[in-house]
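[1] Dropping the sequence and predicted coords here.
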Amino acid sequence: MQRAIESVIRPGYEQLDKAGEAEARNFAALCAKPSAEALRAAREGFASFSEAFGAVEFIRFGPIMEGERFDRFLFWPDRREATQRQAQIIVNRRDVDATTSDLLPRKSAAVQGLTALEYVLFGQGSDMLADRSGAFRCRYGATIVDNLGQISDAVAEQWRDPHGISERLLKPSPSDPRFRSETDALKAILDAAISGLQTIREERILPGLNARDGATAANLFLFGRSGHATAMLAADLGGIRALLEESGLLELASAPASSPGAELGAIALSLRTLGPELGDVSETSKGEAVLREALALIEAVEQSLRNEVALALGLAAEPQP
């Protein structure tokens, strides 16, 4: 458990916080002196920021789940395209509340997180950020980044606190409503990995593959509009792989014959062969084949964790709600 915290979880949130700080600087420069170069830096910063979140996205317990922080960071799935519609309204109407750090959190989670930031940087009309005509849009984006930075900073600090969530996991107590024993703490870690893999299958890959007539496949892959769908999938897989390989979890279970971590790495490499954008490629025979194979392999790793690893650890693994 200590290795999971010190080698994966805590560094992951620290990296997320640093990526957010870097993107805040990018937006400060873009808003102060808009240019094509400054816009390119902000777009590259978005990639780093979103991938840093992807690496810890599967950790759906602890500080990130307080105060709707997770949903405010990532509003997904978004089957009704609420982010696209509502963020566009904010920009078109120049809603000043969305440019105020105290007021933006009172709005829908759909306009506060990374998907809203994607719209600001890559959505219709985003090229105006390269000149003064995009001033309001830039302030809105900067406010999103600032608020996400406050969340990531608070979460990182809570994981740094030796008497906070870390102590609850390392020293479980019968009086703790969630972590009453070492088994509860260990189960939370394993369930996070299993649930993360299930989410990748059901919310990241399947919707795009099963796009109905009239639906745009790119919009059904997270960050498909910005061309970062593949990178985000790889980041999600990489975070879970890091947990499995560096936490000692598999060592405790006398790891199964196959190596779940290595398998996840191979899946990520296979996905990267499709290129950065999955929307169009998913409609080709090769792209569909690679994605469906990834689905099958991810499910196999998931079942291995649920059955072999959980059984070896004496746990009844379940996906997180």
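    Sure, I can see it.
[2] quick one: residue 91 and residue 119, what's the gap?
    Note on residue 91: its distance to residue 119, by Cβ to Cβ, to the nearest Å, is 8 Å. In this view, the C-beta of every residue, glycine as well, is placed from N, C-alpha and C.
[3] ah, wrong one, I meant residue 226
    Residue 226 is 9 Å from residue 119, by Cβ to Cβ.
[4] same deal with residue 287?
    In terms of Cβ to Cβ, residue 287 sits 25 Å off from residue 119.
[5] try residue 192
    From residue 192 to residue 119 the distance is 29 Å (Cβ to Cβ).
[6] These two - which one has more neighbours?
    It is residue 119, of residue 192 and residue 119, that has more neighbours when counted by other Cβ atoms under 10 Å, with 28 against 24.
[7] Was I right to think that one contacts residue 83?
    Yes: assessed by Cβ atoms under 8 Å, residue 119 is found in contact with residue 83 at 6.2 Å.
[8] Give the residues shared as contacts by the two.
    Shared contacts of residue 119 and residue 83 (Cβ atoms under 8 Å, 6 or more residues apart in numbering): none.
[9] At which residues are the helices of the stretch 201-321 of the chain located?
    206-209, 217-220, 229-246, 249-252, 260-272, 285-304, 310-313 (DSSP state H, counting those that start in this stretch).
[10] Tell me the buried residues in the longest one?
    By neighbour count with 16 or more other Cβ atoms under 10 Å, helix 285-304 contains the buried residues 287, 290, 291, 294, 295, 298, 301, 302, 304.
[11] What of the last one?
    For helix 310-313, the neighbour count (16+ other Cβ under 10 Å) marks 310, 313 as buried.
[12] Can I get that helix in PDB, CA atoms only?
    Extracted in PDB, the C-alpha atoms of helix 310-313 (Å, rounded to 0.1, in the frame of the first residue of the first chain):
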ATOM      1  CA  ALA A 310      -8.400 -10.900  -6.300                       C
ATOM      2  CA  LEU A 311      -8.700 -14.600  -5.400                       C
ATOM      3  CA  ALA A 312      -5.000 -14.800  -4.500                       C
ATOM      4  CA  LEU A 313      -5.400 -11.800  -2.200                       C
END
